[in-house]
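Undergrad: this one's sequence-less:
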């Protein structure tokens, strides 16, 4: 009986103690994620790719003709061309923006950025660099739409400010809403 207990004790204790200080497994260097470098874009040729307009989903907070949700057509520099969607006054609105920089102004800004920062710039930083170089973050707008799906006409005009690449604020006056203000987030 003593031999059985001794054998049992050795079989249960020996494996535990022998592996207690065993090797430690760690991930290989190929599994360690390295910090990714930001995508760089050549400033000289950025105009052709970034001046094209794209449609972005927008969600807004505010009152008046400011869209609750809808779409905004804007270039990759962050300047909107038009916007349409369901407004906060339970209607539908279509907005035209004016005051965007000309092609010549954008090309001059790209040349200036190239001379200041070099031939390559981070792709995500380029739109804000262009807007800062041009100095145009304020646009005018005119909106035509409906109110509460009953009144067939809502006409507004005002000013919109580009806060960053994906955020815009606006303030305007109109009939019958009188005042319109809000902020939109573009995705």
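TA: Everything's here; your move. Here the structure is a predicted model, which is why all the values come from computation and not from measurement.

Undergrad: contacts and neighbour counts: CA atoms only from here.
TA: Noted.

Undergrad: and residue 169, what element?
TA: Element membership for residue 169 (DSSP states H and E) is strand 167-175.

Undergrad: Each with direction, which strands does that strand pair with?
TA: Strand 167-175 pairs in its sheet with strand 151-164 (antiparallel), strand 178-186 (antiparallel), by DSSP bridges.

Undergrad: Figure out which of the ones you listed is closest to residue 60.
TA: Of all the strands paired with strand 167-175, it is strand 178-186 that lies closest to residue 60, at 4.1 Å by Cα to Cα.

Undergrad: I'd like the mean pLDDT over that closest one, please.
TA: Computed over strand 178-186, the mean pLDDT rounds to 91.

Undergrad: mind listing what the residue positioned nearest the centre of the chain touches?
TA: The chain has residue 166 as the residue nearest its centroid, 4.2 Å off, counting by Cα atoms, centre = their mean. Shown in contact with residue 166 (Cα atoms under 8 Å, 6 or more residues apart in numbering): 78, 185, 186, 187.

Undergrad: buried residues in stretch 92-104?
TA: Buried residues in stretch 92-104, defined by neighbour count with 16 or more other Cα atoms under 10 Å: 92, 93, 94, 95, 96, 97, 98, 100.

Undergrad: Contacts for that stretch next, please.
TA: 65, 67, 79-87, 134, 136, 138-147, 149.

Undergrad: Helices of this structure, start to end?
TA: With DSSP state H as the criterion, the chain has helices at 2-20, 46-50, 103-117, 126-134.

Undergrad: just checking, what packs against the second one?
TA: Same thing as helix 46-50. Helix 46-50 is packed against helix 103-117, with contacts defined by 3 or more Cα pairs under 8 Å, 6 or more residues apart in numbering; DSSP states H and E.

Undergrad: Low-confidence ranges, the protein, go.
TA: Applying pLDDT under 70 to the chain flags the ranges 5-34, 151.

Undergrad: what are the bridge partners for the nearest residue to residue 51 once chain neighbours are set aside, then?
TA: Nearest residue to residue 51 in three dimensions, chain neighbours excluded: residue 75, at 5.3 Å (Cα to Cα, 6 or more residues apart in numbering). On the basis of DSSP bridges, residue 75 is bridged to residue 53.

Undergrad: my read: residue 75 touches residue 53, true?
TA: Yes: with contact defined as Cα atoms under 8 Å, residue 75 reaches residue 53; the gap is 4.2 Å.

Undergrad: shared neighbours, those two?
TA: By the contact definition Cα under 8 Å, 6+ apart, residue 75 and residue 53 are jointly contacted by residue 81.

Undergrad: Angles on the backbone of residue 135, please.
TA: phi 80, psi 20 (degrees, to the nearest 10).
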